[in-house]
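>>> what would the 3D arrangement of this be:
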Amino acid sequence: MLVDAASLIAVLRLPPGTEVTCEPLSGSIAAPERVALHTPDGGSTVVFVRRARDAEAAANHLAVMEGLTNARFAHAPRLLGTVGDAAIETWVDGLTALAVVPPPGACEAAIAALAALHDLPLREGLDWGARAADLIPAEDLPLHRLGFAAHEREPARGPLAAARTALLATPFGFAHRDATAAHVLLAPDSATLVNFERSGFGAQLFDVAAFLLTSGLGPPARRALAAAYARARNLEPLATIDLVDLAGIFWGIGEMLILPRLLIEALGDDAASGRIRTAAARIDEGMRLPAGDHPAAAAIRAALWAE
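Predicted coordinates:
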């Protein structure tokens with residue numbers, strides 16, 4: 001167990017003699033756990049226990065979860081307590097778009113959840129002392145690491161710089177910053193955001209793009225959901241559709257660059273490795289298929305993925 005049974009019972013204020021049954025949710029050493037608790041009087045509850053491998057990530061998750069719980073944010077688990085750097089959270093039923101075809105209304109609910117998250121007046125998590133320009137560096141992306149040749153990289157240089165300029169003018173504020181399909185639990189007409197280890201100040205359209213790309217949605221669905229996000233945030237729909245598509249390219253390239261590290265961290269966990277590979281394949285496809293009409297996005301695609 002990530003935490004010992006006695007500490008868990010004490011934190012949850014359950015009576016002595018409570019029976020604790022732990023189920024790791026993957027094959028990794030630090031896998032989060034589903035823990036069922038049965039009290040002597042016949043009561044029962046299920047909680048989710050998470051402990052990040054990295055101490056800073058664990059502390060960030062706990063701080064953000066506390067902020068979301070205090071704000072009564074409806075689209076995330078509630079923080080029930082802590083044992084050291086382990087979070088004890090309410091259990092939420094649901095599966096990710098990496099595991100199942102999203103049920104009816106689930107993707108719309110996920111977009112509504114992200115819009116609600118972005119509207120929170122919350123200053124928790126990472127990088128609140130940073131400027132937007134610090135979070136989208138001006139340095140050239142190392143496209144050679146993704147196998148792009150010089151004759152592809154050079155024509156993309158200008159459009160990528162234009163994309164950065166356009167994205168710096170999009171909404172920044174509290175963001176999940178890792179809102180891939182793996183971190184959005186879906187059920188019919190509902191969605192729950194989980195894992196806030198990287199949350200803080202960030203480019204909010206990157207959250208939208210991350211979810212849309214890794215969920216394996218085609219361009220028409222991505223356009224419709226980007227427009228729904230725009231309406232929820234009182235943004236101009238057509239411009240937001242184009243910018244979410246552009247954000248998908250910029251975010252997707254960055255995500256593909258860290259793919260080798262993610263796969264190394266998942267060694268020994270075949271399920272996690274499979275999810276990473278599925279997400280990567282969807283990102284690659286989504287970056288190639290336009291779901292908007294921003295000229296910088298069209299120029300990047302023409303340079304990097306010309307047929």
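>>> list the buried residues of the host helix or strand of R277.
Secondary structure from DSSP states H and E places R277 in helix 270-288. Judged by neighbour count using 16 or more other CB atoms under 10 Å, the buried positions of helix 270-288 are 272-273, 275-276, 278-280, 282-283, 286-287. In this view, the C-beta of every residue, glycine as well, is placed from N, C-alpha and C.
>>> now that helix: mean pLDDT?
On average, the pLDDT along helix 270-288 is 92.
>>> list the contacts of that helix.
26-28, 96, 98-99, 180-182, 212-217, 222, 248-249, 252-253, 255-256, 259, 262-263, 266-267, 301, 305 (CB atoms under 8 Å, 6 or more residues apart in numbering).
>>> next SSE after it?
Criterion used, DSSP H and E; the element after helix 270-288 is helix 295-304.
>>> okay, angle between that following helix and helix 270-288 too, please.
110 degrees (axes from the mean of the first three to the mean of the last three CA atoms, to 10 degrees).
>>> measure stretch 38-48 end to end?
One end of stretch 38-48 sits 15 Å from the other (CA to CA, to the nearest Å).
>>> break the protein into its domains for me.
Listed by automatic domain parsing, the domain ranges of the chain are 5-90, 106-304.
>>> deepest of the ones you listed, which one?
Using mean count of other CB atoms under 10 Å, the stretch among those with the greatest mean number of neighbours is domain 106-304 (a mean of 19).
>>> what is the end-to-end distance of that one?
33 Å.
>>> thinking again about what came up before, just the contacts of helix 270-288: which are in helices?
Residues of the contacts of helix 270-288 located in helices (DSSP state H): 212-214, 222, 248-249, 252-253, 255-256, 259, 262-263, 301.
>>> now flag whichever of those residues is closest to D85.
L262 (21.7 Å; CB to CB).
>>> how much space between the nearest residue to that closest one once chain neighbours are set aside and A266?
In space, L262 comes closest to I276 once its chain neighbours are excluded; the distance is 5.2 Å by CB to CB, 6 or more residues apart in numbering. Using CB to CB, to the nearest Å, I276 is found at 6 Å from A266.
>>> hmm, back to that, which one of the buried residues of helix 270-288 is nearest to S199?
Closest approach between the buried residues of helix 270-288 and S199, by CB to CB: A279, at 18.7 Å.
>>> next one: that closest one from N234, what distance?
In terms of CB to CB, A279 sits 30 Å off from N234.
>>> same question, L120
Distance from L120 to N234, by CB to CB: 15 Å.
>>> could you do G254 as well?
With distances taken as CB to CB, G254 is found 28 Å from N234.
>>> how about the residue sitting nearest the centre point of the chain, nearest residue that isn't a chain neighbour?
Centroid-nearest residue in the chain: A179, 1.6 Å away (criterion: CA atoms, centre = their mean). In space, and not counting its chain neighbours, A179 is closest to D207: 4.0 Å by CB to CB, 6+ apart.
>>> also T180?
T214 (4.3 Å).
>>> now do F206
Ranked by CB to CB, 6+ apart and with sequence neighbours excluded, the top spatial neighbour of F206 is W251, at 4.7 Å.
>>> wait, that neighbour touches A210, no?
Yes - using CB atoms under 8 Å, W251 is in contact with A210, at 5.9 Å.
>>> reformat the ones in helices among the contacts of helix 270-288 as JSON lines; add pLDDT and distance to A156.
Output for the ones in helices among the contacts of helix 270-288, formatted as JSON lines (pLDDT from 0 to 100; distance: CB to CB, whole Å):
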{"residue": "L212", "pLDDT": "98", "distance to A156": "22"}
{"residue": "L213", "pLDDT": "97", "distance to A156": "18"}
{"residue": "T214", "pLDDT": "97", "distance to A156": "22"}
{"residue": "R222", "pLDDT": "98", "distance to A156": "22"}
{"residue": "G248", "pLDDT": "98", "distance to A156": "15"}
{"residue": "I249", "pLDDT": "97", "distance to A156": "10"}
{"residue": "G252", "pLDDT": "97", "distance to A156": "13"}
{"residue": "I253", "pLDDT": "96", "distance to A156": "10"}
{"residue": "E255", "pLDDT": "95", "distance to A156": "17"}
{"residue": "M256", "pLDDT": "95", "distance to A156": "14"}
{"residue": "L259", "pLDDT": "90", "distance to A156": "19"}
{"residue": "L262", "pLDDT": "86", "distance to A156": "24"}
{"residue": "L263", "pLDDT": "83", "distance to A156": "25"}
{"residue": "R301", "pLDDT": "98", "distance to A156": "9"}
